[in-house]
Structures are given as structure tokens and as C-alpha cells.
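> Sequence and predicted structure, then a few things I'm wondering about:
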Amino acid sequence: MKDHAQFADNLALYAMDALHDPQELAELQSHLSSCGECRRELEALRADTALLALSATGPQPPQRARQRLMRAVAAEPRTAEPPRSRFILGRLQPRWLTLAPVAVAAMLAVISMGLMLNNLRLRKNYEQLAAKYTKLQGDSALALEVMDMINDPRAVRMTLISGQTRPQPQVKTIYKQEKGHILLMASNLAPIPDDKVYELWLIPMSGAAPMPAGTFRIDQKGSAMMMHAMETEGLQAKAFAITVEPAGGSQTPTMPIVLSPAG
């Protein structure tokens, strides 16, 4: 007949409902019916087992009972779960891995397009500012040249008049011989057809043929201002004259001369 020590392992398994051997189970139940000490031990083991649900630690069952419990758990039949997550990952992960480079490339394309458009806008703004700066430089240079010509005592000044109309048309010319620059300021000139222009002529001191010195149009009041640079610098001027020419100017004067030096 078995003593208490021989029933210790089976008692621990029985307390956890893990004793499945029919013979051992029958022997233990028969022993418990006649042994109060083992019944008290069983109640204590069941109480300790219940406390395991509320505590991470508890009394250690006998080593052999633990091994038998693990073998019993391993022998329990298990239903295999369908590899749902693995199936999903197997299908979705490769698709994401395939689409990710495409998404990144599309995003980079959008960013590149935005940068290119921004660069074009900046370049356009730069070109507009450069054009305005160039125009301002030209206007400033023209203004300085006009003031220089007006204040230069060496510049040749002539006034061209016409005695046939009132108010009297008048054209003032200022010529800087060393630079070949001519400044013309006109007022009260008669209107001419749209396909015609006024043209200024420089009559050389040498007696050579008149040289074209720029064309100009007048405003509604008959006024105009023109700055012209002769191709030849240092040319001595005997006089200036004005004619009416076709749009674009002429290389030789078309008679008659409408304005000539006074006196």
C-alpha cells in the first residue's frame, strides 16, 4: 500500500485536474476517502492553485508533478489556427513593397515639379527686375547726358524756326562734337501723317552731303525730345536741318526742308 509520500505527486496533479491516468486516479481517490491528512493537503493545494490567478508567484509543486503536468499539456490535442495574419502578410506585404517605390517616385516628382515651377517664377521675377534695372540705368544715363549737354558751354547750340505759322515751331539742338551726341528738343511742330516722321540732318562743315541724325515723332502738342549718337565722332557741324520722311527715315533728305537754322 502506498504511503503519503508516494501520493504527493499525484495529489498535486489531481489538485490542478491534470491527473488523467485511470488507475492512478482511482487509487488516489480511494486513498483520499480514508486519509484525512491527504484531504487537507489537497484542499491546501487547491487553494494555492486558485491564488495563482491573482498572483505571479506561488508555491512550487513537486518537480516530478511539474514534469508530468507539462507532458499532459503537450499531449492535449490542438486545433491549428488558419494562418490568417501570415496569409494577409504574404499577400499584402509584397504589394506594399512593390507600391512603395512608386509612391516615393510620385512624391519626388511632385516635389520636383513644384521646385521647377518656383524656379521659373523666380527666374521670371529676376528677368523683370533686371529689365527694370537696365531701363533705370538707361534713363539715368540719358538724364545725366542731357544735363551735361545743356550745361556744357562748348556744345554748339542752334534754334530752327519757321516764319510761316503761329505759334512758331521751334527746334533746339545741342551737339557734343567729341562724342558725336545730339540732343534735340522740339515744340509747336505741325502734325504729319502716321506713315511719316520728322528727320534731323547734320550738315558737315566740310561741305559733304547731309548726314541722317535720327528720326522722331511729336506728341499732340507738337513737342518732342530725341537723343541721337552719330556713327562718326568728332565730326564738325555747320548746321542742322529737318525734313519730313517716310517712316523709318531716309539716307538723303526729301525736299523741302521744313526747319533750318535761324538767321
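Here it is on my side, so go on.
> Any stretches of the stretch 151-263 of the chain with poor pLDDT?
Scanning the stretch 151-263 of the chain with the threshold set as pLDDT under 70 gives 161-166, 263.
> ranges for the helices of it?
For the stretch 151-263 of the chain, helices defined by DSSP state H, counting those that start in this stretch do not occur.
> mind checking how far A109 is from S33?
Distance check for A109 against S33: by CB to CB, to the nearest Å, it reads 84 Å. (Glycine included, C-beta is placed from N, CA and C.)
> Quick one: neighbours of T243, just the number.
Under the neighbour criterion other CB atoms under 10 Å, T243 is assigned a count of 22.
> quick one: it and M255 touch, right?
Yes - checked against CB atoms under 8 Å, the pair T243 and M255 is within contact range at 7.2 Å.
> how near is the closest residue to H181 other than its chain neighbours to L136?
Closest residue to H181 in three dimensions, ignoring its sequence neighbours and counting by CB to CB, 6 or more residues apart in numbering: A229, at 5.5 Å. Relative to L136, A229 is positioned 20 Å away (criterion: CB to CB).
> what about these two, which has more around it?
Ranked by neighbour count (other CB under 10 Å), A229 and L136 place A229 first, with 13 against 10.
> mind listing what the more buried one touches?
Residues in contact with A229, defined by CB atoms under 8 Å, 6 or more residues apart in numbering, are 179-182.
> I'd like to know the average pLDDT value across stretch 102-119.
Stretch 102-119 carries an average pLDDT of 82.
> Which residue lies closest in space to E178, excluding its sequence neighbours?
Closest residue in space to E178, ignoring its immediate chain neighbours: G234 at 6.0 Å, by CB to CB, 6+ apart.
> In contact with the one you found, which residues?
If you count contacts by CB under 8 Å, 6+ apart, then G234 has 177-178, 180 around it.
> Tell me the spacing between it and P210.
On the measure of CB to CB, G234 and P210 end up 18 Å apart.
> now do L28
With the distance defined as CB to CB, L28 ends up 142 Å from P210.
> Over to L120?
Applying CB to CB to L120 and P210 gives a distance of 51 Å.
> So which of these two has more stuff around it?
P210 (20 against 10).
> I'd like to know which of the contacts of G234 are buried.
Among these, those classed as buried by 16 or more other CB atoms under 10 Å are 177, 180.
> can you tell me which of the contacts of G234 are in strands?
Applying DSSP state E to the contacts of G234, no entry is found in strands.
> So which of the contacts of G234 is the closest to V104?
When the contacts of G234 are ranked by distance to V104 (CB to CB), G180 comes first, at 65.3 Å.
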